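Peer 1: everything below, folded, please.
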Amino acid sequence: MENSFVIGVDFGTDSVRSLVVNAQTGQEVGSAVHYYPRWQKGLYCDPAVQQYRQHPLDYLEGLEHSIRGALQQCPAGTAALVKGIAVDTTGSTPGPVDETGTPLALLPGFEENPNAMFVLWKDHTANKEAALINDIAHSNGSDYTKYCGGIYSSEWFWAKILHVVTEDAAVNEKAASWVEHCDWIPAVLTGNRSLSTLLRSRCAAGHKAMWHASWEGLPPKDFLEKLHPSLGKYDKTYTDTVEATVPAGTISSEWASRLGLPEDVVIGTGAFDAHMGAVGGGIQSYSLCKVIGTSTCDILVAPMEEAGHLFVKGICGQVDGSVIPGMLGLEAGQSAYGDVFAWLRRLIMGPLYALLPDDAEKLAAAEDKLLGYLSQQAQQLPLKDNDPLALDWFNGRRTPDANHTVKSTITGLHLGIDAVQLFRALVEATAFGAQSIAERFAKEGVPIREVIALGGVAKKSSYAMQVLADVMNRPIRIVNSENACALGAAMFAAVAAGLYADINSAQQAMTSGFETVWQPRQENVPYYAARYRQFQELGAFTEKLYV
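Peer 2: As a prediction, the model looks like this:
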């Protein structure tokens, strides 16, 4: 294994990052990011109706450019020593495909049709369809939502498919199947052109598609046909799923040539970004691993013999082997985190760009410093009982208890409130949302032994992490690597390629460790405990407005 390298590819909301890692030491030797050009232009999206679609060409171009860019940063000869590649993606991000597994947006006549593209995780056009799924599931003899928290979300597989097939007859007729982004990329890299041999991720299927071994795969035909007659044909789309340590095959000659890699590189099966990120962050039994980005995903693993009998209500699923083989993987999260602060930044800076177009360069420089300035000022403010209070539901509520029709509420505004105080209220809101998730796990019998945070926000926003520690009254351990999701994918690539026997061995050898630990300030804990109770009361009041 000496001088062997693996590549982890992390498909995020705005960009894709590829990371070249020394499989023996965990050293990150090359990294490159490619921003999706069509997504950057806002194509195929309509925020007013929460429609967010991504063109498969953004993914294909990003895959090639980011891997080649990462390899260019490495010492000469590194590419020849690459043994494996694994990918993680956002999810649930499904897309319609034809009989060969080709996304419809790559076919003539569908190139500019948003319904023929991948439906991004944060697309909420299927709120009505999610409600229908829940109504039918909860009135049916078998509740197919019971392993995904008991509430099906508009962010998930079947709700999105139901919305598209109802809205678009041409896509409905042409689609032979639907494929998660994390399943499609391994098929692309291995040259798989058959739906019958395309491997389906246990992670994606179990958490988002109501797959479970106890009912022999996906929900049955009669259930799906109650949702829409066209969905009945998908009941046997697949019955088996694979854990992310299973190889999907070896790289095709086409992609080996495009990437400049050997033709014996092993391609791993995919999984969702947060799940692989938790592995890259060093997750262990009963660690709550917070993957913080535009949204958050909270991942927890527990031994099957201790937690496998539980049905944890209001989360995003519990799946055997979805994170680490042999362990129960549990997922929760917040639908907006970084997106909340991006909204505030647009709120402040947007009119200035419009009014001062000749000063765009100076304004961009100021915008880059804005959140840092607000953080610095916010941490100097005294804590007052009548400070503004906000909910973190800017993009609906993921957990506890999915409801993407609810919106944020901000109270306590008056003429003396400035941008710094509003920023602090938003930081506190994200921390209160995190605490509600931790409380739900504890209430449902899943203890939390430690809290781990990873991602750019966790590393860069010391103020937000300190507030999080104060609100949760727990130490928050910050993962050292800035690329924990890609690093986790690299660990899975190492196992798939046979360099390690299991994920635990890969973690021990390739871990980046922890950068710092934020300890709760005990003098602030009672204040935030009282504020959290107000947050819960505000949430209960607000939710009644959206019934």
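Peer 1: in the stretch 1-150 of the chain, which spans are strands?
Peer 2: Counting by DSSP state E, counting those that start in this stretch, the segments of the stretch 1-150 of the chain that form strands are 5-11, 15-22, 28-35, 53-54, 82-89, 94-97, 118-119.
Peer 1: mind putting those in CSV, mean neighbour count and mean pLDDT included?
Peer 2: All C-beta spots, glycine's among them, are computed from the backbone N, C-alpha and C. Formatted as CSV, those follow (neighbours: other CB atoms under 10 Å; pLDDT from 0 to 100):
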stretch, mean neighbour count, mean pLDDT
strand 5-11, 29, 98
strand 15-22, 25, 98
strand 28-35, 19, 98
strand 53-54, 26, 98
strand 82-89, 30, 98
strand 94-97, 27, 98
strand 118-119, 29, 98
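Peer 1: minimum distance to L468: which of those strands has it?
Peer 2: Set against L468 and scored by CB to CB, those come closest in strand 5-11, at 23.0 Å.
Peer 1: can you map out the strands along the stretch 151-300 of the chain?
Peer 2: Under DSSP E, counting those that start in this stretch, the stretch 151-300 of the chain gives strands at 177-180, 247-250, 266-268, 271-272, 287-292, 296-303.
Peer 1: would you agree Q334 is in contact with A402?
Peer 2: No: checked against CB atoms under 8 Å, the pair Q334 and A402 is beyond contact range at 11.3 Å.
Peer 1: where does the residue nearest the centre of the chain fall, phi/psi-wise?
Peer 2: For the chain, T90 is the residue whose C-alpha lies nearest the centre (CA atoms, centre = their mean; 4.5 Å). The phi and psi torsions at T90 (degrees, to the nearest 10) take the values phi -70, psi 160.
Peer 1: OK, contacts around it?
Peer 2: Residues in contact with T90 (CB atoms under 8 Å, 6 or more residues apart in numbering) are F11, G12, T13, L120, W121, H181, F272, D273.
Peer 1: ok, back up a step: would TSV of the strands of the stretch 1-150 of the chain with distance to E243 be doable?
Peer 2: Output for the strands of the stretch 1-150 of the chain, formatted as TSV (distance: least, CB to CB, whole Å):
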stretch	distance to E243
strand 5-11	17
strand 15-22	20
strand 28-35	25
strand 53-54	26
strand 82-89	12
strand 94-97	20
strand 118-119	23
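Peer 1: which SSE is immediately downstream of the helix or strand bottoming out on mean pLDDT in the chain?
Peer 2: Least confident helix or strand, the chain: helix 456-460 with a mean of 89, by mean pLDDT, DSSP states H and E. As assigned by DSSP states H and E, the chain's next helix or strand after helix 456-460 is helix 462-472.
Peer 1: which pLDDT value goes with the closest residue to M465 other than its chain neighbours?
Peer 2: Excluding its sequence neighbours, the residue lying closest to M465 (CB to CB, 6 or more residues apart in numbering) is W518, at 4.8 Å. At W518, the predicted lDDT confidence score is 98.
Peer 1: use 17 as the first number for this chain going forward.
Peer 2: Understood, numbering begins at 17; the last thing we discussed is W534.
Peer 1: okay, buried residues for the least confident helix or strand of the chain please.
Peer 2: The neighbour-count check on helix 472-476 (16 or more other CB atoms under 10 Å) flags V473, A474, K475 as buried.
Peer 1: for that helix, what is the distance to the chain centroid?
Peer 2: 16 Å (CA atoms, centre = their mean, to the nearest Å).
Peer 1: name the helices or strands packed onto that helix?
Peer 2: Applying 3 or more CB pairs under 8 Å, 6 or more residues apart in numbering; DSSP states H and E, we find helix 472-476 packed against strand 303-308, strand 492-495.
Peer 1: hey, which of the ones you listed is tucked in deepest?
Peer 2: Sort those by mean neighbour count, taking mean count of other CB atoms under 10 Å, and strand 303-308 sits at the top with a mean of 28.
Peer 1: which residues are contacting that one?
Peer 2: Strand 303-308 is contacted by residues 289-290, 293-294, 297, 299, 312-317, 353-354, 450, 454, 457, 464-474, 500-501 when judged by CB under 8 Å, 6+ apart.
Peer 1: in JSON lines: the contacts of T106, plus distance to Q524.
Peer 2: Below are the contacts of T106 laid out as JSON lines (distance: CB to CB, whole Å):
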{"residue": "F27", "distance to Q524": "26"}
{"residue": "G28", "distance to Q524": "27"}
{"residue": "T29", "distance to Q524": "31"}
{"residue": "L136", "distance to Q524": "35"}
{"residue": "W137", "distance to Q524": "31"}
{"residue": "H197", "distance to Q524": "30"}
{"residue": "F288", "distance to Q524": "23"}
{"residue": "D289", "distance to Q524": "22"}
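Peer 1: scan those and report the most crowded one.
Peer 2: Using other CB atoms under 10 Å as the neighbour test, those are led by F288, with 33 neighbours.
Peer 1: sorry, back to before: of the buried residues of helix 472-476, just say which sits nearest to G85.
Peer 2: Of all these, G85 sits closest to K475, with 21.7 Å by CB to CB.
Peer 1: quick one: that closest one and E531 touch, right?
Peer 2: Yes: counting by CB under 8 Å, K475 touches E531, with 6.7 Å between them.
Peer 1: which residues are in contact with both of the two?
Peer 2: Applying CB under 8 Å, 6+ apart, one finds that K475 and E531 are jointly contacted by I494, V495.
Peer 1: and the gap between A229 and R218?
Peer 2: Note on A229: its distance to R218, by CB to CB, to the nearest Å, is 10 Å.
Peer 1: compare the two (neighbour count), which wins?
Peer 2: It is R218, of A229 and R218, that has more neighbours when counted by other CB under 10 Å, with 26 against 13.
Peer 1: and the gap between the more buried one and E559?
Peer 2: Relative to E559, and taking CB to CB, R218 is found at 33 Å.
Peer 1: can you show me the strands along the stretch 317-466 of the chain?
Peer 2: 334-336, 343-350, 405-406, 426-427, 466-470.
Peer 1: would a markdown table of the ones you listed with mean neighbour count be doable?
Peer 2: Shown next, in a markdown table, are the strands of the stretch 317-466 of the chain (neighbours: other CB atoms under 10 Å):
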| stretch | mean neighbour count |
| --- | --- |
| strand 334-336 | 23 |
| strand 343-350 | 26 |
| strand 405-406 | 22 |
| strand 426-427 | 15 |
| strand 466-470 | 24 |
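Peer 1: fine by me, we can end here.
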